[in-house]
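S.K.: Fold the stuff below for me.
(one chain, ligands or ions: 1)
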Amino acid sequence: MNVLVISASPRTIGRTGVVGRYLKNSYDVELMDLAKNPLPLYTGEPAQAESEQIKDFRKKVLDADGIVLVSPEYHGAMSGAAKNALDFLSADHFRYKATAIMVCAGGGKGGINALGNMRTTLRSLYANTIPTQMVLDPVDIDRENDTLMEGIVPKVQGLMEEFFYYTQAGIEIRKAKAKG
Ligand SMILES: Cc1cc2nc3c(=O)[nH]c(=O)nc-3n(C[C@H](O)[C@H](O)[C@H](O)COP(=O)(O)O)c2cc1C
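M.R.: Numbers count the residues shown, from 1 in each chain. Modelled structure (predicted):
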C-alpha cells in the first residue's frame, strides 16, 4: 500500500509540518511537505506541465493508493498552498482512492470550515474522503519535541486505522475495475 501525506502549510515553522512529520515517523507513508518544497502558483500554462517538479508531484499522487491531506485553517478555509496543490490535480489522481483530512487550527473552535472546504474540493476531484476527520489545536502539538501531545494520539490512530481500511478497499475496487 502506497500512502502519500501532503503537509500543506506554507510555513516551515508551522504546526501542520509537525503533524506531517508525526505521520511519517509513525506509519509507512511518504511525506510531501509543501513548506519545504513549495509548488508554483498554478497557471495552467503548458510549460508548467513539463516542469520536473510538477511531473514529480502529479506522479506521486497518481501512484498513491491513498492520500492524507493536512492543512492549516486560514481565514475559514484550507491554506492557499493546499488549494493550489489540488489545482494541479484532476479526478484521474483520486478516483476510487481514499483520502483523509486533518486540519491545524488556532484553538478558538476553528477548523471545521477548512475541513468542510477540503471535503467539498476533494469531492470535486472524485476522492473518497473518509467520514472521520480531525482538527488539531495548538495544545495538541508538542513543538519543542516536534511531535504530537499524547492525548491526541489515539484519535489520530483511529483516523489512520479507518483510512487504511478504506485505502485497501480502494485498491480492491481499482483492481476489479481494471478486470472489467
Ligand atoms: C492567515 C491566517 C489565518 C488564520 N485563520 C484562522 C481561522 O480562520 N481559524 C482558525 O481556527 N485559525 C486560524 N489561524 C490560525 C492557524 O490555523 C493556526 O495557527 C495553525 O496552527 C496554522 O498552521 P501552521 O502553523 O501550519 O501555519 C490563522 C492563521 C493565519 C496565519
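
S.K.: for the ligand, what are the nearby residues on the protein?
M.R.: Counting by Cβ under 6 Å from any ligand atom, the residues of the chain lying close to the ligand are 9, 11, 14-16, 72-76, 104-106, 108, 110-111. Where C-beta positions appear, they are placed from N, C-alpha and C, glycine not excepted.

S.K.: any idea which helix is longest in the chain?
M.R.: helix 153-179 (DSSP state H).

S.K.: What helices and strands are in contact with that helix?
M.R.: Judged by 3 or more Cβ pairs under 8 Å, 6 or more residues apart in numbering; DSSP states H and E, helix 153-179 is in contact with helix 15-26, strand 66-74, strand 98-104, strand 134-136.

S.K.: Please identify the most buried of the ones you listed.
M.R.: Mean neighbour count, computed with mean count of other Cβ atoms under 10 Å, is highest for strand 98-104 among the helices and strands packed on helix 153-179, reaching a mean of 27.

S.K.: which sections of the chain are below the confidence cut-off?
M.R.: Counting by pLDDT under 70, the chain contains no low-confidence range.

S.K.: For the ligand, what's its nearest residue on it.
M.R.: Scanning the chain for proximity to the ligand using Cβ to the nearest ligand atom identifies G110 as nearest, at 1.9 Å.

S.K.: What distance do you get for that residue to N117?
M.R.: When distances are taken as Cβ to Cβ, to the nearest Å, G110 and N117 turn out to be 12 Å apart.

S.K.: where do the contact lists of the two overlap?
M.R.: Residues within reach of G110 and of N117 at once, by Cβ atoms under 8 Å, 6 or more residues apart in numbering, are G76.

S.K.: Grab the most central residue of this structure for me.
M.R.: L69 (1.0 Å; Cα atoms, centre = their mean).

S.K.: ok so L31 is a strand residue?
M.R.: Yes - using DSSP: H, G, I helix; E, B strand; the rest coil, the assignment for L31 is a strand.

S.K.: Could you report the distance from the closest residue to it other than its chain neighbours to P138?
M.R.: Taking Cβ to Cβ, 6 or more residues apart in numbering, and ignoring the residues beside it in sequence, L31 has K24 as its nearest neighbour in space, at 4.1 Å. Counting by Cβ to Cβ, the gap from K24 to P138 is 21 Å.

S.K.: L115 now?
M.R.: With the distance defined as Cβ to Cβ, L115 ends up 17 Å from P138.

S.K.: More neighbours: which of the two?
M.R.: The residue with more neighbours, out of L115 and P138, is L115; 20 against 12, by other Cβ atoms under 10 Å.

S.K.: which secondary structure elements does the helix or strand containing that one contact?
M.R.: Taking DSSP states H and E as the definition, one finds L115 inside helix 112-124. Where contact means 3+ Cβ pairs under 8 Å, 6+ apart, helix 112-124 is packed against strand 66-74, strand 77-78, helix 80-87, strand 98-104, strand 128-129.
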